[in-house]
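Visitor: 3D, please:
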Amino acid sequence: MEVRSFDDAGAFLRVAGPLALADPARNNLLLGICGALRDQPGMYDRFHLWAAFDDAGAVAGAALMTEPYGVVLCEPATGEAVEALAEGVHDSAAPVPGVVANVPWAERFARRWSELTGATSRVTMLQGIYELRAVESVAPAPGAPRVASVRDRSLLHDWLVAFGEEALRDRPDDRERVGRSLDIRLEDGDDTGFWLWERDGRAVSMSGHTTILGGSRIGPVYTPPSERGRGYATNLVAAESAWLLERGSGPCFLYTDLANPTSNAIYMRIGYERICDSEDRAFVRG
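Guide: Next up, the predicted model:
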């Protein structure tokens, strides 16, 4: 099996897109990142793209990495493609801290990586991938949703950083990228990709979204601890998801931390259905 690297996200999507779009729910993370690389080139400083081809020349697997984050795998056509990608990534000498992939492919990639490098791996987060095609009615909460704008930048930045510190503790500090991402996304006044739930003129919850090939990604979702338990996030995500479906940007996908039963219950209440599980694995040397 041959592995080729790409330096252009558009070219990579033309090659690997059909494989990813065969199951956009399972591949929504890769599709979202690759779309940002193509359409918002200032979002990431350095990135790497790989595709594995079988003996007939068909794409059997794909992966990407944006430094300093781990490799993200596409759902492969064959398990052998995962091992070939591990070898191709290793040959590229990219600085790889870990891998994110659906079960069982993260473990298979990590096993081959260990054979190549001697590094072991540990699961830092087990996540559920959910899909929604119709929104269920939820108990109403006081307040209403609105689209975030440039005037909300400081609040969004603080909440995104707080979300990262609480939910993504094993990932690198990315305050600089958070600021850069906000500057890019808030340029669009009609659809900034962030919604807020307001009560009495005060923002109490936040949810983001990104339109991708094959649907839309929801997240991150964050409510300050002092405002939790009042249904704000449930109503916000329900309204945002309904809006995306109504304008033809669905189905909607999201990731949840399976160690957090509250958030999983909230999304299922809205109508999200669990499709599969995904593992974040960190590589450990020595």
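Visitor: next, the contact list for residue 129, please.
Guide: Residue 129 is in contact with 25-26, 28, 102, 253-255, 274-278, counting by Cβ atoms under 8 Å, 6 or more residues apart in numbering. All C-beta spots, glycine's among them, are computed from the backbone N, C-alpha and C.
Visitor: filter the residues you listed down to just the ones in helices.
Guide: In helices, defined here by DSSP state H, the members of the contacts of residue 129 are residue 28.
Visitor: could you pull up phi and psi at the residue of the chain most remote from its centre?
Guide: In the chain, counting by Cα atoms, centre = their mean, residue 200 sits farthest out from the average C-alpha position, at 31.9 Å. As for residue 200, its main-chain torsions (degrees, to the nearest 10) stand at phi 50, psi 40.
Visitor: from what I see, it and residue 143 are in contact.
Guide: Yes - between residue 200 and residue 143 there is a contact at 7.5 Å, judged by Cβ atoms under 8 Å.
Visitor: chain center to stretch 53-63, what's the gap?
Guide: Distance of stretch 53-63 from the chain centroid (Cα atoms, centre = their mean, to the nearest Å) equals 24 Å.
Visitor: now do that stretch, average pLDDT.
Guide: For stretch 53-63, mean pLDDT is 97.
Visitor: what's the span of that stretch, first residue to last?
Guide: 12 Å (Cα to Cα, to the nearest Å).
Visitor: buried set for the helix or strand bottoming out on mean pLDDT in the chain?
Guide: Least confident helix or strand, the chain: helix 175-185 with a mean of 81, by mean pLDDT, DSSP states H and E. Counting neighbours by 16 or more other Cβ atoms under 10 Å, one finds that the buried residues in helix 175-185 are 177-178, 180-182, 184-185.
Visitor: which helices and strands does that helix pack with?
Guide: Under the contact definition 3 or more Cβ pairs under 8 Å, 6 or more residues apart in numbering; DSSP states H and E, helix 175-185 sits against helix 153-167.
Visitor: so for the helix it packs on, what gets flagged as buried?
Guide: So, applying 16+ other Cβ under 10 Å, buried residues of helix 153-167: 153, 156-157, 159-161, 163-164, 167.
Visitor: so where's the stretch 1-150 of the chain shaky on pLDDT?
Guide: The stretch 1-150 of the chain contains no residues with pLDDT under 70.
Visitor: cool, and the stretch 151-286 of the chain?
Guide: 169-174, 188-190, 286.
Visitor: part of a strand, is residue 139?
Guide: No - the assignment for residue 139, made by DSSP: H, G, I helix; E, B strand; the rest coil, is coil rather than a strand.
Visitor: which residues are in contact with it?
Guide: Applying Cβ under 8 Å, 6+ apart, the residues near residue 139 are 231, 234.
Visitor: so how far is stretch 255-266 from its chain's centroid?
Guide: 15 Å.
Visitor: how about the helices in this protein?
Guide: Assigned by DSSP H, the helices in the chain fall at 9-21, 28-39, 79-92, 105-117, 153-167, 175-185, 232-246, 261-270.
Visitor: indicate which one of those is closest to residue 49.
Guide: helix 9-21 (4.3 Å; Cβ to Cβ).
Visitor: what packs against the closest one?
Guide: helix 28-39, strand 47-53, strand 59-66.
Visitor: please identify the buried residues of that helix?
Guide: For helix 9-21, using 16+ other Cβ under 10 Å, the buried residues are 9, 12-13, 15-17, 19-20.
Visitor: between which two of the residues you listed is the distance greatest?
Guide: 9 and 19 (15.2 Å).
Visitor: related to what we said a few turns ago, from the buried residues of helix 175-185, which is closest to residue 134?
Guide: Checking the buried residues of helix 175-185 one by one against residue 134 (Cβ to Cβ), the nearest turns out to be residue 185, at 27.1 Å.
Visitor: what sits against the nearest residue to that closest one once chain neighbours are set aside?
Guide: Nearest non-adjacent residue to residue 185, counting by Cβ to Cβ, 6 or more residues apart in numbering: residue 193, 4.7 Å away. Neighbouring residues of residue 193 by Cβ under 8 Å, 6+ apart: 185, 208-210.
Visitor: gap between the least confident helix or strand of the chain and the chain center?
Guide: Distance, centroid of helix 175-185 to centroid of chain: 16 Å (Cα atoms, centre = their mean).
Visitor: right, I'll leave it there.
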